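Q: Take a look and give me a structure for this.
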Amino acid sequence: MKRPKLLAVFCAIAISIACARPNLAESDETTGSAKSEVSASSSDKSTARGKRPRIGLALGGGGARGAAHVGVLKVLAEEGVPIDIIAGTSIGSVVGGLYSAGVPISTMSQEFEDGKMMKEFTPLAPVFRILLAPVIFTPRLFGYEPYDGLYKGVQFRTYVNKLVTKPDHEIEHLPTRFAAVCTNVVDGESVRISQGNLGVALQASTAVPGLRKPVQIGDNLYCDGGLICNVPVNHVREMGADFVIAVDIDERLNPTELKKFRVPGSVSKQALRIQLAHSDKPLCKEADVVIHPNTDGITLISRKAIDGRRGYQSGVEAARQAMPEIKRKLAALGVELVADNKSSQAQ
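A: Model prediction:
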């Protein structure tokens, strides 16, 4: 059965609103427990790792297309590319955070293929949440004023924390240095959360305005990092990376026939592609290598197994195509790779 047109239109509009950087303000509500946020204008202290250049990974946002990130990580692990630093935006923060915590790639790919990842992201299809709007908004008549959005994201936070088998979910204790990139709704700055509970940080980084409620941490309010920085190359640099590999999972901006814009929701979807393409381009220019899997046609909240498999495979193929460039540039920096097909996390 095809997904209702209303759902596609709503999601395109919600994400388009996010990319337009709206001004949001709400009442007092604390839902997060992450401890520290660092603005994009300041640098983190980095730990020296001998003389080898520190290699960083910038994972972009893109919803269900995040399966492509998993495919890229598999190839990098098999080829023996050492990853010292990871920063991710939205779904990129989810994949990057789980990988940094030691979650096997096979587990993540299965979560996307089963549709479990996106089902937890949106437990009830947005179209049904819209139909239930009168019930959802009734408490406001009695003085309850929650932050704007259809979902709180608490279920998703619990879900990602459960995927991490280690008892310690604090970001600062993860095996690989990691930060979740968010937008501070209070002052409009792009920030990264590099301490505190991993689930809370991922909940904040994936809080798409209009779809998920923003997350309050202290006196600040955070939502999807893609509003300002969809491919966080600059954050990875500021965290101390000498060599940055960026992974852009957005659909490619291709010429489209006029007749296709007569379909409901088509203009909103194209507007989103245009916005993301133009915002991603200058960010990716700052990377040493850019991997751009072909995710065309995979919707942002797809739960289809075929999309999960295709996204994953697209990531594998794109990463393999990029390996000659990665090896050449790393060799110029004195880094020789040793393939590791038996990597436990790559399995």
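
Q: for the chain, longest strand please?
A: strand 177-184 (DSSP state E).

Q: same for that one, what does it pack against?
A: strand 36-39, strand 85-89, helix 91-100, strand 190-195, helix 198-205, strand 220-224 (3 or more CB pairs under 8 Å, 6 or more residues apart in numbering; DSSP states H and E). Every residue, glycine included, has its C-beta placed from N, CA and C.

Q: Residue 56 and residue 244: what is the separation?
A: 5 Å (CB to CB, to the nearest Å).

Q: oh sorry, the question was meant for residue 151
A: As defined by CB to CB, residue 151 lies at a distance of 32 Å from residue 244.

Q: Next: residue 174.
A: Per CB to CB, residue 174 is found 19 Å from residue 244.

Q: out of those two, which sits in the more crowded spot?
A: Neighbour count, other CB atoms under 10 Å: between residue 174 and residue 244, residue 244 has more, with 25 against 21.

Q: Doesn't the more buried one lie inside a strand?
A: Yes: assessed by DSSP: H, G, I helix; E, B strand; the rest coil, residue 244 belongs to a strand.

Q: Tell me who's in contact with it.
A: Contacts for residue 244 were tallied using CB atoms under 8 Å, 6 or more residues apart in numbering; they are 55, 56, 57, 58, 233, 236, 237, 286, 287, 288, 289.

Q: looking at it, the fifth one is touching residue 247, isn't it?
A: So the one you mean is residue 233. No: if you go by CB atoms under 8 Å, residue 233 and residue 247 don't touch, sitting 10.2 Å apart.

Q: any weak-confidence spans in the stretch 51-200 of the chain?
A: 123-146 (pLDDT under 70).

Q: what about residue 233 and residue 247, which has more around it?
A: Of the pair residue 233 and residue 247, residue 247 is the one with more neighbours under other CB under 10 Å, namely 32 against 27.

Q: Spell out which residues are contacts of both of residue 233 and residue 247.
A: Joint contacts of residue 233 and residue 247 (CB under 8 Å, 6+ apart) are residue 58.

Q: For burial, what's the neighbour tally of the closest residue to residue 304 other than its chain neighbours?
A: Residue nearest to residue 304 in three dimensions, not counting chain neighbours: residue 115, with 6.7 Å by CB to CB, 6 or more residues apart in numbering. Residues within reach of residue 115, counting by other CB under 10 Å, total 16.

Q: can you pull the contacts of residue 115?
A: By CB under 8 Å, 6+ apart, the contact set of residue 115 is 302, 303, 304, 305, 308.

Q: and which of these is nearest to residue 121?
A: Nearest to residue 121 among these, counting by CB to CB, is residue 303 at 9.3 Å.

Q: Quickly note the distance from residue 272 to residue 198.
A: 28 Å.

Q: For these two, work out which one has more neighbours and name it.
A: More crowded of residue 272 and residue 198, by other CB under 10 Å: residue 198, with 28 against 22.

Q: longest helix of the protein?
A: Once the chain is assigned using DSSP state H, the helix that runs over the most residues is helix 305-332.

Q: what is the rounded mean pLDDT of that one?
A: In this model, helix 305-332 has a mean pLDDT of 97.

Q: how many degrees apart are that helix and helix 91-100 in direction?
A: Relative orientation of helix 305-332 and helix 91-100, computed by axes from the mean of the first three to the mean of the last three CA atoms, to 10 degrees: 70 degrees.

Q: For helix 305-332, name the packing helices and strands.
A: Packed next to helix 305-332, using 3+ CB pairs under 8 Å, 6+ apart, are helix 67-78, helix 105-113, strand 243-247, strand 289-291.

Q: pLDDT averaged over the next helix or strand after the third one - what is it?
A: Right, strand 243-247. Counting by DSSP states H and E, the element after strand 243-247 in chain order, helix or strand, is helix 266-284. Across helix 266-284, pLDDT averages out at 83.

Q: and residue 160, how far is that from residue 98?
A: For residue 160 relative to residue 98 (CB to CB), the value is 7 Å.

Q: One more: residue 90?
A: 14 Å.

Q: Check residue 117 too.
A: 10 Å.

Q: Give the residues shared as contacts by the two.
A: With CB under 8 Å, 6+ apart, residue 117 and residue 98 have no common neighbours.

Q: that older thread, out of the contacts of residue 244, which are buried?
A: Among those, the ones that count as buried by 16 or more other CB atoms under 10 Å are 55, 56, 57, 58, 233, 236, 237, 287, 288, 289.

Q: With distance to residue 339 added, can I get those residues in TSV?
A: Shown next, in TSV, are the buried ones among the contacts of residue 244 (distance: CB to CB, whole Å):
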residue	distance to residue 339
55	16
56	21
57	18
58	23
233	26
236	24
237	27
287	23
288	20
289	18
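
Q: Tell me which of those residues fall in strands.
A: 55, 56, 57, 58, 289.

Q: Rebuild those residues as CSV, extending it with distance to residue 166.
A: Shown next, in CSV, are those (distance: CB to CB, whole Å):
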residue, distance to residue 166
55, 23
56, 23
57, 20
58, 24
289, 30
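
Q: right, and residue 197 touches residue 161 too?
A: Yes: the pair residue 197 / residue 161 is scored as a contact, 7.4 Å apart, by CB under 8 Å.

Q: Name the residues contacting each of residue 56 and residue 244.
A: Counting by CB under 8 Å, 6+ apart, the common neighbours of residue 56 and residue 244 are 236, 237.
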